[in-house]
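> My questions are about this predicted structure, shown below with the sequence.
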Amino acid sequence: MSDQARTAQYVIAIDQGTTSTRAIIFDHSGSIVSMGQLEHEQIFPHAGWVEHDPREIWDNTREVVGQALSKANLTRHDIAAVGITNQRETAVVWDRTTGEPVYNAIVWQDTRTQPIVDELAAHGGVERFKDRVGLPLATYFSGTKIRWILDNVEGARAKAESGDLLFGTTDCWVLWNLTGGIDGGVHATDVTNASRTLFMDLETLAWDQEILDAFGLPASMLPEIRSSSEVYGTVHGSQLLREVPVAGILGDQQAATFGQAAFEAGGAKNTYGTGCFLIVNTGEDIVHSANGLLTTVGYKLGDAKPHYALEGSIAVAGSLIQWLRDNLGMIGSAPEVEALATSVEDNGGVYIVPAFSGLFAPYWRADARGAIVGLTRYVTKGHIARAALEATAFQTREVLDAVNADSGVPLTELKVDGGMVANDALMQFQADILGVDVVRPKVIETTALGAAYAAGLAVGFWKDLEECSANWGEDKRWIPSMGEGERDRQMRLWRKAVTKSMGWVDADVR
């Protein structure tokens, strides 16, 4: 353990998310000491395209670190380590000599790469590489986004083939810049993020050259794959955290699972953020889903064996509420949706299927688009607000059904986290539609906490996983109150609504 890790009282986590970047400082008990947060622009050049400016993200990262330190009146000498967590499949390609991105980051929600998916799937179907990488071919993952940039940005392919371009998910972009950028920045990612590219072999934890060749991508672009908890480098130069070790990286959903102390096989959580992601730890076993779930890496601590997981990915959850606010102007701020939803007794027969980027788990239907069904003259904006909240709960139920089918051991309660768990109406409906208890921890910022744990474990700030587990505490529990007959009726209508969203995209509709 370094002298700094021995004397410092805190760990800082950089949470580079889909809508904002945050820096959160945690103490040894896993409690939040202070936080800085800045939203970044959501760029929509065309229907189905979603981009971020990587330079804005890096600028915001530095600023939120400063906010968090100043609010707590701390300096770099008080910080034992830096952890990073991130929106996982969002792809950045940049020039290694100038440090400049060659194009905006292409966000995980973006669907422009469907023709590339179709081209690759023509030889072996969408599950062509699934036995090796745990993922179907889909626009969701970062692999097709890199290919699109090389195919569509002038001069990018030639630069990539001459070794001048680097690829990374946003953890990698933040790490490279934190540790020096063009002045010796570390180009690395961890196994959890690497497992979301379509390129990493789950057994060897190495890039698969055959798949890279099929995509037409030079291996020189790719970061080194490291564990989730080790010292990758130290913060460079004149930055506020200079010389502090960067020692933990976990993709956001794996980080939330880690922050929920779901360290052992059978541990599970559901995160309600921009999207919604249910993860079940399968221990050291690679479990392939027969029900539309993804197989992914849960975490790897230093030289220890990796832990794997099954994941149900839902593309749209909190972003549906954001859509009500920003696109429709139905609410002025996201928290207002609860009051609007509870102003009516039920959804008035309205169901919203938010397939803005197609349907993810368990359907994987790229041809689906959003649908609002069951409209009558009776329906008010209260019913639509309620249906928007309920959509997240219905989607979670379908994913949990798939998890139970794959595992053979039904979950008896669901641990939850993320911004939407502050919404009592949603959490109660979630318990009702699942028929199991829903449990919120005292610290709901589990994504950042998981990254902090990974970093702190690497430098000895926390001794072991047991010490982290001891920090977890229950804050609130919701118990189902809906009858089985009503639960079945609601799910039948929801599934009927889902069928109405499918098959929308064809040759004339994108």
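Sure, I can see it.
> so where's the chain shaky on pLDDT?
The chain contains residues with pLDDT under 70 at 1-6, 507-510.
> quick one, longest helix in it?
Counting residues, the longest helix found in the chain (DSSP state H) is helix 381-407.
> And for T342, the neighbour number?
Neighbour count for T342, taken as other CB atoms under 10 Å: 15. C-beta coordinates here come from the backbone N, C-alpha and C atoms, glycine included.
> Report the contact partners of it.
R386, A425 (CB atoms under 8 Å, 6 or more residues apart in numbering).
> Strands of the stretch 201-350 of the chain, residue ranges please.
Remark: strands assigned in the stretch 201-350 of the chain by DSSP state E, counting those that start in this stretch are 206-207, 224-226, 229-234, 245-251, 268-272, 276-283, 294-299, 307-314.
> Quick one: closest of the ones you listed to T7.
Closest approach to T7 among the strands of the stretch 201-350 of the chain (CB to CB): strand 245-251, 13.8 Å.
> Any buried residues in the host helix or strand of T499, and which?
Using DSSP states H and E, T499 maps to helix 484-501. For helix 484-501, a neighbour-count test (16 or more other CB atoms under 10 Å) marks R487, Q490, L493, W494, A497, V498, S501 as buried.
> With stretch 148-156 instead?
In stretch 148-156, counting by 16+ other CB under 10 Å, buried: W148, I149, L150, V153, A156.
> same thing with stretch 275-292?
So stretch 275-292, judged by 16+ other CB under 10 Å, has buried residues 275-283, 286-287, 289, 291-292.
> again with stretch 41-48
In stretch 41-48, counting by 16+ other CB under 10 Å, buried: Q42, G48.
> tilt between the helix holding T499 and helix 381-407?
100 degrees (axes from the mean of the first three to the mean of the last three CA atoms, to 10 degrees).
> what does helix 484-501 contact?
351-353, 355, 359, 363, 368-371, 373-374, 394, 397-398, 432-433, 435, 482.
> May I have that helix as CSV, with CA atoms only?
Only the C-alpha atoms of helix 484-501 are listed here, as CSV (Å, rounded to 0.1, in the frame of the first residue of the first chain):
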residue,chain,number,x,y,z
GLU,A,484,-52.2,-12.3,-9.2
GLY,A,485,-55.2,-12.0,-11.6
GLU,A,486,-54.6,-8.3,-12.1
ARG,A,487,-50.9,-8.9,-12.5
ASP,A,488,-51.5,-11.4,-15.2
ARG,A,489,-54.0,-9.1,-17.0
GLN,A,490,-51.6,-6.2,-17.0
MET,A,491,-48.8,-8.4,-18.4
ARG,A,492,-51.1,-9.8,-21.1
LEU,A,493,-52.0,-6.3,-22.3
TRP,A,494,-48.3,-5.2,-22.1
ARG,A,495,-47.2,-8.1,-24.3
LYS,A,496,-50.0,-7.3,-26.7
ALA,A,497,-48.7,-3.7,-26.9
VAL,A,498,-45.2,-4.9,-27.6
THR,A,499,-46.3,-6.8,-30.6
LYS,A,500,-47.7,-3.6,-32.0
SER,A,501,-44.2,-2.0,-32.0
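> What is the distance between it and the centre of its chain?
27 Å (CA atoms, centre = their mean, to the nearest Å).
> got it, and stretch 65-83?
Using CA atoms, centre = their mean, the offset of stretch 65-83 from its chain centre is 25 Å.
> Just tell me which of the strands of the stretch 201-350 of the chain ends up closest to E89.
strand 245-251 (8.6 Å).
> That closest one pairs with which strands, and in what direction?
strand 79-86 (parallel), strand 229-234 (antiparallel) (DSSP bridges).
> Can you say which of those strands is packed in most?
strand 79-86 (a mean of 31; mean count of other CB atoms under 10 Å).
> Which helix or strand lies directly C-terminal to it?
Counting by DSSP H and E, what follows strand 79-86 is strand 91-95.
> same for that next one, what does it pack against?
strand 105-106, helix 142-152, helix 156-161, strand 165-169, helix 170-178 (3 or more CB pairs under 8 Å, 6 or more residues apart in numbering; DSSP states H and E).
> one more time with 6 Å
helix 142-152, strand 165-169 (3 or more CB pairs under 6 Å, 6 or more residues apart in numbering; DSSP states H and E).
> Quick one: these as a markdown table, columns for distance to D303 too.
Shown next, in a markdown table, are the helices and strands packed on strand 91-95 (distance: least, CB to CB, whole Å):
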| stretch | distance to D303 |
| --- | --- |
| helix 142-152 | 26 |
| strand 165-169 | 23 |
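> Tell me which of those lies nearest to R477.
strand 165-169 (34.6 Å).
> so what strands line up beside that closest one?
Sheet pairing for strand 165-169, using DSSP bridges, gives strand 91-95 (antiparallel).
> so how far is the partner strand off the chain centroid?
19 Å.
> Could you pull out the buried residues of that strand?
Those would be A91, V92, V93, W94, for strand 91-95 by 16+ other CB under 10 Å.
> and those as JSON lines, adding distance to I249?
JSON lines is the format used below for those (distance: CB to CB, whole Å):
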{"residue": "A91", "distance to I249": "16"}
{"residue": "V92", "distance to I249": "15"}
{"residue": "V93", "distance to I249": "19"}
{"residue": "W94", "distance to I249": "18"}
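> Would you indicate which residues of stretch 298-313 are buried?
Going by 16+ other CB under 10 Å, stretch 298-313 has these buried residues: G298, Y299, K300, L301, P306, H307, Y308, A309, L310, E311, G312, S313.
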